[in-house]
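Q: need coordinates for the below:
(chains A and B)
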Amino acid sequence: MTVDALDPLIHVPARLQIMATLAALPDGDVLSFTRLQKMIGLTPGNLITHLRKLEDVDYLTSEKTGSGPASRTSVALTNRGRAALDEYTQTLRALLNGL
Amino acid sequence: MNGTSDVDRIETYDDEGGLDARKAARLLAQTQRQTQRELAFRSPWLSLLAAAAALVAFGSVWLSVRGQHPYKYPTVVGLLGLYAVVAIRIGSMLYAHRRARAGISGRSVRQTRWEGAALAVALVAVYVIMGALANAGASDGVVYGVYVVTATMLVLGTFGAARSAVREDKRDLGISIAVLLVAAGSAFAGPRGVWLSNGIGLCVVLLGDSATQAWLLRAPRSDA
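A: Numbering: from 1, shown residues only, chains lettered A, B, ... in the order given. Purely as a prediction, here's the structure:
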């Protein structure tokens, strides 16, 4: 088994960090874009790009509330996203055991 | 607050490529650990502060009642000491909680609000029953000594135990059960001794919690 077996959508540092951070939230909770950015340390533009990629494959959902300066974007992992991260972790463990 | 050391600071990687299995495992473990610490509003220092607060709060009341024969009730000075320490403790907990939970909304936040409301009602009920006991002619030693401390501690301990059982948090469950045992055991110390006994017991439990947290923060260093 090689690293190619790992989900390529998650196997990128920034997206792996996003997935791992959101997975720590209890089911049913959402995290604001600002807090996520602060926790991971990415620029807003970079974070948006990665979030879009993950949202496109239904690994996470984002929701915008309010409008103007008071608007707030929140993100959360979907069940599919949690399952994908679990599978990624298992594959990673198998790969490390094989090394 | 979170006790994060430089060792745990997340390394930076290029966005694409250059991430082998070992690096990925390390990054995953570091992110999980750092996230857990940032979202947790507890810390060894807060528990240490709580342990000191418990000893000072209960101790100040004990000092005010230890010379009373027969027992009447805690003096205003003793109660002021108790309430001041409790207020500082609640304030520090709320600050830490708000800081850790900033930007988080959803189910757990709503649950916490409802839990807080239920706890407030239970604590008010303790004082309503205290009034009823005094009205029914129970002695001052029972009403303003054994009952009020033991009932308050039992409410807090039961609340904590139920909350941690639902969340399957074994450590918090253990602490809550220890608080219940301290409260029940201290009831035998009488109206004066109940204050000191609870203060020392609670202090020991919280010191144990602080030490456990510190140990757990130091322990997990493997990345795979």
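
Q: C-alpha only now, for contacts and for neighbours.
A: Will do.

Q: burial count for the residue in chain A positioned nearest to chain B?
A: In chain A, the residue that lies nearest chain B is A:D29 (4.2 Å; Cα to the nearest Cα). Here the neighbour count serves as a burial measure; for A:D29 (other Cα atoms under 10 Å in any protein chain shown) it reads 19.

Q: helices or strands next to the helix or strand encompassing B:G141 in the packing?
A: Counting by DSSP states H and E, the secondary-structure element that holds B:G141 is helix B:140-141. Contacts defined by 3 or more Cα pairs under 8 Å, 6 or more residues apart in numbering or on different chains; DSSP states H and E place helix B:140-141 against helix B:190-218.

Q: from the contact counts, what lies against the helix it packs on?
A: helix B:44-65, helix B:140-141, helix B:148-166, helix B:170-186.

Q: next, the angle helix B:170-186 makes with it.
A: Between the axes of helix B:190-218 and helix B:170-186, defined by axes from the mean of the first three to the mean of the last three Cα atoms, to 10 degrees, the angle is 160 degrees.

Q: got the contact list for B:T75?
A: If a contact means Cα atoms under 8 Å, 6 or more residues apart in numbering or on different chains, then B:T75 has B:61, B:64-65 as its contacts.

Q: format these as a markdown table; extra columns: pLDDT, distance to B:A117 and neighbour count.
A: Formatted as a markdown table, the entries for the contacts of B:T75 read as follows, by pLDDT from 0 to 100; distance: Cα to Cα, whole Å; neighbours: other Cα atoms under 10 Å in any protein chain shown:
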| residue | pLDDT | distance to B:A117 | neighbour count |
| --- | --- | --- | --- |
| B:V61 | 92 | 27 | 24 |
| B:S64 | 91 | 32 | 17 |
| B:V65 | 91 | 32 | 22 |
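
Q: chain B contacts on chain A?
A: In this structure, chain A approaches chain B at residues A:3, A:11-14, A:16-17, A:20-21, A:24, A:26-35, A:39, A:92-93, A:95-96, judged by Cα under 8 Å from any Cα of the partner chain.

Q: going through those, which ones are buried?
A: With burial judged by 16 or more other Cα atoms under 10 Å in any protein chain shown, the buried subset of the residues of chain A next to chain B is A:11-14, A:16-17, A:20-21, A:24, A:27, A:29-33, A:39, A:92, A:95.

Q: show me those that map onto strands.
A: Counted as lying in strands by DSSP state E, out of those, are A:29-32.

Q: ok, of those, which one's closest to A:T61?
A: For A:T61, the nearest member of those is A:V30. The distance, counting by Cα to Cα, is 9.2 Å.

Q: what sits closest to the closest one if chain neighbours are left out?
A: Closest residue to A:V30 apart from its sequence neighbours, by Cα to Cα, 6 or more residues apart in numbering or on different chains: A:A76 at 4.9 Å.

Q: in chain A, which helix has the most residues?
A: helix A:79-98 (DSSP state H).

Q: list the contacts of that one.
A: With Cα under 8 Å, 6+ apart as the contact definition, helix A:79-98 has outside contacts at A:1-3, A:5-7, A:10, A:19-20, A:23, A:58-60, B:21-22, B:24-25, B:224.

Q: contacting residues for the most centrally placed residue in chain A?
A: Within chain A, the residue whose C-alpha comes closest to the C-alpha centroid is A:M19; the distance, by Cα atoms, centre = their mean, is 2.8 Å. Remark: with contacts taken as Cα under 8 Å, 6+ apart, A:M19 is in contact with A:10, A:77, A:81, A:85.

Q: buried ones in the strand or helix carrying B:A25?
A: In this assignment (DSSP H and E), B:A25 forms part of helix B:21-39. For helix B:21-39, the buried set under the neighbour-count rule, 16+ other Cα under 10 Å, comprises B:21-39.

Q: fine by me, we can end here.
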